[in-house]
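Visitor: My questions concern the predicted model and sequence given below.
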Amino acid sequence: MVKQDRAIRTRRTILTAAAKVFEERGYRAATISEILTTAGVTKGALYFHFPSKEDLAEGVLREQDQLPIPDRACKVQQLVDTVAVHAYRLQTDPLVRAGVRLSLDQQAQGLDRSAPFLRWSEAGIDLLEKAQAQGELMPHIVPAETADVLVGAFAGVQAMSQAMSNYQDLPGRVTVLLRHVLPSIAVPSVLAAVDITEGRGASVHGTLQDPHTVRQPAALS
């Protein structure tokens, strides 16, 4: 158990160091030697957990995967909460920021950057299909199309926020995005009850960190 705990800590240290280097320098310019220096671990320890720079980058990319949001009766609200929590994590978690940087890094040749987008689209489709089954969506909605639109729009908002304010204005930009997009997706009665305020992400994230919060199986895993 002690060895396992130490291995988990070492892996996390390496990922955190890699995230710092990737975020600062981008995938192409980042080097294993720089990551080793930042992590303060041996080359053997790094290669035990991550055989290549690509494996390191894939590990960082996975850090932006959705946190399991507790089941909501309203699936549109659950979708909003997933987006809002991700926006909050971008402001507070360097690993998530680095994962997003890698996803949007067009110079990252040889790295499969499609996986995060595919996982987000699949998660969106799942929730939108459940929302549709409950009568929450407008009649014209095709979940696969709408999920891709939301993922693309959210990625663009993230990139703009990073360039303009280093993510400081991201919750506000996400609220504006949802205020413009949701009326074409959700029926008015559902829309009226959905919370898209700027503090929603921080609030929901706080409940996820509370050990007394009962978590349901994640619909977005």
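Guide: In hand now; what should we look at? Numbers count the residues shown, from 1 in each chain.

Visitor: so residue 123 sits right up against residue 78, yeah?
Guide: No - using CB atoms under 8 Å, residue 123 is not in contact with residue 78, being 10.1 Å away. Where you see a C-beta, it was placed from the backbone N, CA and C, and this is true even at glycine.

Visitor: now the helices for this protein?
Guide: For the chain, applying DSSP state H gives helices covering 2-29, 32-39, 43-49, 53-62, 75-92, 94-103, 114-133, 143-165, 170-181, 188-191, 200-209.

Visitor: what sits against the closest residue to residue 16 other than its chain neighbours?
Guide: Nearest residue to residue 16 in three dimensions, chain neighbours excluded: residue 95, at 6.4 Å (CB to CB, 6 or more residues apart in numbering). Taking CB atoms under 8 Å, 6 or more residues apart in numbering as the criterion, residue 95 is in contact with 15, 16, 19, 60, 63, 64.

Visitor: and what of residue 177?
Guide: 153, 154, 157.

Visitor: of those residues, buried ones?
Guide: Neighbour counting with 16 or more other CB atoms under 10 Å marks 154, 157 as buried within those.

Visitor: Can you pull up the most central residue in the protein?
Guide: Nearest residue to the geometric centre of the chain (CA atoms, centre = their mean): residue 64, 3.6 Å.

Visitor: Check that one and give its pLDDT.
Guide: Confidence at residue 64, expressed as pLDDT, is 71.

Visitor: That one contacts residue 117, doesn't it?
Guide: No - counting by CB under 8 Å, residue 64 stays clear of residue 117, with 10.6 Å between them.

Visitor: what do these two both touch?
Guide: By CB under 8 Å, 6+ apart, the residues touching both residue 64 and residue 117 are residue 103.

Visitor: Low-confidence regions, the chain specifically.
Guide: Along the chain, the parts satisfying pLDDT under 70 run over 1-3, 66, 210-221.

Visitor: now do 90
Guide: Counting by pLDDT under 90, the chain shows low-confidence ranges at 1-8, 12, 19, 22-30, 58-68, 92-116, 208-221.

Visitor: For stretch 63-71, buried residues please.
Guide: Counting neighbours by 16+ other CB under 10 Å, one finds that the buried residues in stretch 63-71 are 63, 64, 65, 66, 67, 68, 69, 70.

Visitor: no no, stretch 13-29
Guide: Applying 16+ other CB under 10 Å to stretch 13-29 flags 13, 14, 15, 16, 17, 18, 19, 20, 21, 22, 23, 27 as buried.

Visitor: What lies in contact with that stretch?
Guide: Stretch 13-29 is contacted by residues 30-31, 34-36, 38-41, 45-46, 49-50, 53, 56-57, 59-60, 63, 94-95, 97-99, 101-102, 105, 107-109, 111 when judged by CB under 8 Å, 6+ apart.

Visitor: Buried subset of those residues as a ChimeraX selection?
Guide: To isolate the buried ones among the contacts of stretch 13-29 in ChimeraX, judged by 16+ other CB under 10 Å, type:
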select :30,34,35,36,38,39,41,45,46,49,50,53,56,57,59,60,63,95,97,98,99,101,102,105,108,111
